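Chemist: got a sequence here, can you model it:
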Amino acid sequence: MERELKKDFVFHRDFSKTYPIITHGEGIYLFDEDGKRYIDACSGAVAANLGHGVVEIAEAMAFQAKKAAFVHSMRFETDVLFQLAEKIAQLAPHSMNKVYFTSGGSEANESAIKLARQFHRDAGRPEKHIVIGRWQSYHGNTFGSLSAGGDIKRRQVYTPNLLNFSHVHSPNCKRCPYQREKEDCNTKQNWSCVRDFESVVLELGPDHISAFIAEPIVGSQLGAVSPPEAYFKEIRKICDKYNILLIADEVMTGFGRTGKDFGIQHFGITPDIMTFGKGVSAGYAPLAGMIVHDRIVEGLIQNGNGKFVHGYTYSGHPVSVAAGLSVLKIYEREAIVTKVQEAGEYLKQQLLELKKRCPIIFDVRGEGLLMGIELAVDGDKGTPFPAKIQASERINHIAMELGAVFYPGSGSLNGHLGDHLLITPPLTVSRVQIDEIMGVLERSLQIFIEELKEVPPYETTK
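Modeler: Numbers count the residues shown, from 1 in each chain. As a prediction, this is how the structure comes out:
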């Protein structure tokens, strides 16, 4: 059923599109008003970790709404707030024991940036205010989080409004921005991406750097790219050396998505602040936040009278928190992390087999059920598609016509070139369902390849 945009009252994300109207969901599937079924092969925006239609979560939210739907955190707190904070802290690295709640990942990263600033100011270091982020990263759409992020296309429109933060390259060994080989870096224990970070710190002046923010595994902007194994240990050393806070953005990687409770646990370090979102409520309610190291909290108490000069109306919203508490109970009861490890290994094997058959897959990467494929004109050489082709978007459009939705991304090489797809189904996905996902993905790629044969030759360097 088509809708005329001029006859509705919604400010759509893209007024050139007509969106399917979803009426309900069951497990990994969504159904629209025409009865068409879609496999949610990306968990919405890598958020619907337990799939759709989980009555237990809905009932927990309704129960809390009947008790107390809203209290303002400046004046009151609720039991569910304490219960969820404790469960999250138990999953986090040692000495990270205080949890601050927000409504979404952008707010969580904005909160972390502000907390880092206040921590240094209260300690007598008022000049420390610059955040160093990474190119081809994403931390949110508020001005602070967008300033710290490195998504060039999202930044371009708002460049005059952005904060004067700095950026270094994200480590991407398959597409090393320093033109180095991974084995050479490892053998010589000399990672250009690490040295570049320290060089930027010294150029700007360590006394001016507040924090460094990074995704443990880069999600939407690089398509599930992991850093070299030693990367975060080296970054942690540099942050300690110059008194810079390390913020791990776990909005996409947290709560079992990568086969561990948090993505940073793959790399054996403890951040100063961890932000989270998406999977904490499995998409059932707007919920996110940050987990803060004890030393930061102690500094706040000793130097800032215990008050964080910050807050949101919906911080710790009781109904959202009740959803999160229900979700975490299911993760624990159903041993979701173990299931992700098993399903993720199977998915990776199937993607690697698909790469052998598909000439436009350049790379397969990721951890757990955060998997990505990079697309290229020639899978062996990795020549990127021209940006005007919009390869990832086109393939996802084909997939939706076939009844599945993936998470397309572009600009992974330099902010403009480079296409990838994230394959991130709900953490409850079965092997049979993975096979179903793979069938639609392969068919979508085949149709796209056939379409390319019908278009005029194009320049692959533009």
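
Chemist: in contact with Asp400, which residues?
Modeler: Rather than Asp, residue 400 is Met. With contact taken as CB atoms under 8 Å, 6 or more residues apart in numbering, Met400 is in contact with Tyr38. In short, each C-beta sits where N, CA and C put it, glycine included.

Chemist: how far is the worst-scoring helix or strand of the chain on mean pLDDT from where the chain is centred?
Modeler: Ranked by mean pLDDT, DSSP states H and E, the weakest helix or strand in the chain is helix 182-188, scoring a mean of 86. Once both centres are worked out by CA atoms, centre = their mean, to the nearest Å, helix 182-188 turns out to sit 28 Å from its chain's centre.

Chemist: again, but for stretch 369-376
Modeler: 14 Å.

Chemist: just stretch 28-39 next, same as before
Modeler: How far stretch 28-39 lies from its chain's middle: 25 Å, per CA atoms, centre = their mean.

Chemist: tell me the buried residues in that stretch?
Modeler: The neighbour-count check on stretch 28-39 (16 or more other CB atoms under 10 Å) flags Ile28, Tyr29, Leu30, Phe31, Tyr38, Ile39 as buried.

Chemist: quick check: buried residues in the least confident helix or strand of the chain?
Modeler: Judged by neighbour count (16+ other CB under 10 Å), helix 182-188 contains these buried residues: Cys185.

Chemist: would you put the C-alpha positions of that helix in CSV?
Modeler: Written as CSV, here are the backbone C-alpha positions of helix 182-188 (Å, rounded to 0.1, in the frame of the first residue of the first chain):
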residue,chain,number,x,y,z
LYS,A,182,49.8,-6.0,9.7
GLU,A,183,52.6,-8.6,10.2
ASP,A,184,55.3,-5.9,9.9
CYS,A,185,53.6,-3.8,12.6
ASN,A,186,53.2,-6.8,14.9
THR,A,187,56.8,-8.0,14.3
LYS,A,188,58.4,-4.6,15.0
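
Chemist: check which helices and strands it sits against.
Modeler: If you count contacts as 3 or more CB pairs under 8 Å, 6 or more residues apart in numbering; DSSP states H and E, helix 182-188 packs onto no helix or strand.

Chemist: which elements pack onto the helix or strand following it?
Modeler: Proceeding N to C from helix 182-188, the next assigned helix or strand is helix 192-204, under DSSP states H and E. Secondary-structure packing of helix 192-204 (3+ CB pairs under 8 Å, 6+ apart): strand 130-134, strand 166-168, helix 231-241.

Chemist: got the contact list for helix 192-204?
Modeler: Here helix 192-204 makes contact (CB under 8 Å, 6+ apart) with 130, 132, 166, 168-171, 176-178, 180, 185, 209, 212, 227-228, 231, 234-235, 238, 242, 244.

Chemist: could you redo the last one with a cut-off of 10 Å?
Modeler: The contact list for helix 192-204, computed with CB atoms under 10 Å, 6 or more residues apart in numbering, reads 130, 132, 134, 164, 166-173, 176-180, 184-185, 191, 206, 208-209, 212, 214, 227-228, 230-235, 237-239, 241-242, 244.

Chemist: generate a PyMOL selection restricted to the buried entries among those.
Modeler: Per 16+ other CB under 10 Å, the buried members of the contacts of helix 192-204 correspond to this PyMOL selection:
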select buried, resi 130+132+134+166+167+168+169+170+171+172+173+176+177+185+191+209+212+214+227+228+231+232+234+235+238+239+242+244
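
Chemist: cool, thanks, signing off.
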